[in-house]
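J.: With the input below, show me the fold.
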Amino acid sequence: MRILLVEDTHDVAGAIVASFGRRGDAVDHAITRAEANELLALQRYDVIILDINLPDGDGLSLLADQRRQGNTTPILMLTARLKIDDRVAALDQGADDYLVKPFDLRELEARVRALARRAQRDPSEGSVISYADLEVDIAGHTANLGGHPVNLTRREFGVLEALLINRGRVISKEQIFERMFSFDEDDVGLNAVEIYVARLRKKLEGGTVAIKTLRGLGYQLIARQ
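T.: The predicted structure follows:
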């Protein structure tokens with residue numbers, strides 16, 4: 001999952017980036033509205049975490065601008081404001097959720113993943129997705145193959161999540177890369193995707209699911225007959 005965090009409080013931002021990074025998510029961090037607009041012009045995100053108070057303006061106006069431009073990316077607002085009117089205003093302008101500071105990072109992670117699931121998958125699906133003999137708990141970060149746990153690194157799980165969400169469809173190497181790595185990780189190349197796909201493919205051996213490579217197009221998670 002690729003996330004845009006717009007937050008000017010460095011300790012809060014650092015904690016959020018580290019928390020999602022440990023789970024294998026890519027987080028691009030902007031401090032100002034201007035920086036956020038630059039990143040949004042370059043990259044699509046699964047979820048945007050947006051603080052209301054920013055050095056160069058109100059986060060609510062950035063929210064309103066994105067919705068006017070047709071950006072439907074789920075947006076979670078962070079706010080230190082306790083008044084109900086402020087929270088209602090955020091929701092009325094197109095926010096999908098909000099969290100009042102101070103907050104527990106585990107709750108933020110849960111809310112962000114819920115927003116991403118709602119946007120990317122059938123609403124009837126929960127946190128656990130089953131495909132052939134593979135069962136993956138997206139929220140719990142666990143996977144079972146044929147009833148046996150599969151030990152995955154955070155990057156391998158990120159690849160599996162991307163393939164599983166798009167199961168049956170082809171997903172390009174570039175799309176997987178964008179979900180896994182932020183702009184700050186500029187020393188990582190596309191070949192890293194091939195490495196993690198190869199490792200994941202090996203760990204799925206013996207099951208009825210497989211990763212199919214389509215040269216020049218990308219990868220596809222399929223169920224063997």
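
J.: any weak-confidence spans in this protein?
T.: Along the chain, segments meeting pLDDT under 70 span 81-83, 120-126, 182-188.

J.: care to break it down by domain?
T.: What the record gives for the chain is the domain set 2-120, 128-223, from automatic domain parsing.

J.: From the chain's centroid, how far away is the shortest one?
T.: Right, domain 128-223. Between the centre of domain 128-223 and the centre of its chain there are 14 Å (Cα atoms, centre = their mean, to the nearest Å).

J.: Can you give me the end-to-end span of it?
T.: Start-to-end span of domain 128-223 (Cα to Cα, to the nearest Å) is 17 Å.

J.: and the domains of the chain as CSV, adding mean neighbour count?
T.: C-beta: built from backbone N, CA, C; applies to glycine. As requested, the domains of the chain are arranged in CSV below (neighbours: other Cβ atoms under 10 Å):
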stretch, mean neighbour count
domain 2-120, 17
domain 128-223, 16
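
J.: How about residues contacting stretch 208-222?
T.: Residues external to stretch 208-222 that are found in contact with it (Cβ atoms under 8 Å, 6 or more residues apart in numbering): 131-134, 145-146, 163-164, 166-173, 175-176, 197, 200-201, 204, 223-224.

J.: So which of those residues belong to strands?
T.: Cross-referencing these with the strands (criterion: DSSP state E) gives 131, 134, 145, 223 as the overlap.

J.: from those, which two are the most distant?
T.: The widest separation within the ones in strands among the contacts of stretch 208-222, taken as Cβ to Cβ, falls between Leu145 and Ala223 and amounts to 12.3 Å.

J.: Could you tell me the phi and psi values at Val47?
T.: Backbone torsions for Val47, taken as degrees, to the nearest 10, come to phi -150, psi 150.

J.: and the gap between it and Val27?
T.: As for Val47, its distance to Val27 is 10 Å (criterion: Cβ to Cβ, to the nearest Å).

J.: intersection of neighbour lists for these two?
T.: 3-4.

J.: tell me the residue furthest from the middle of the protein?
T.: Note on the chain: the largest C-alpha distance from the chain mean falls to Gln225, namely 31.2 Å (Cα atoms, centre = their mean).
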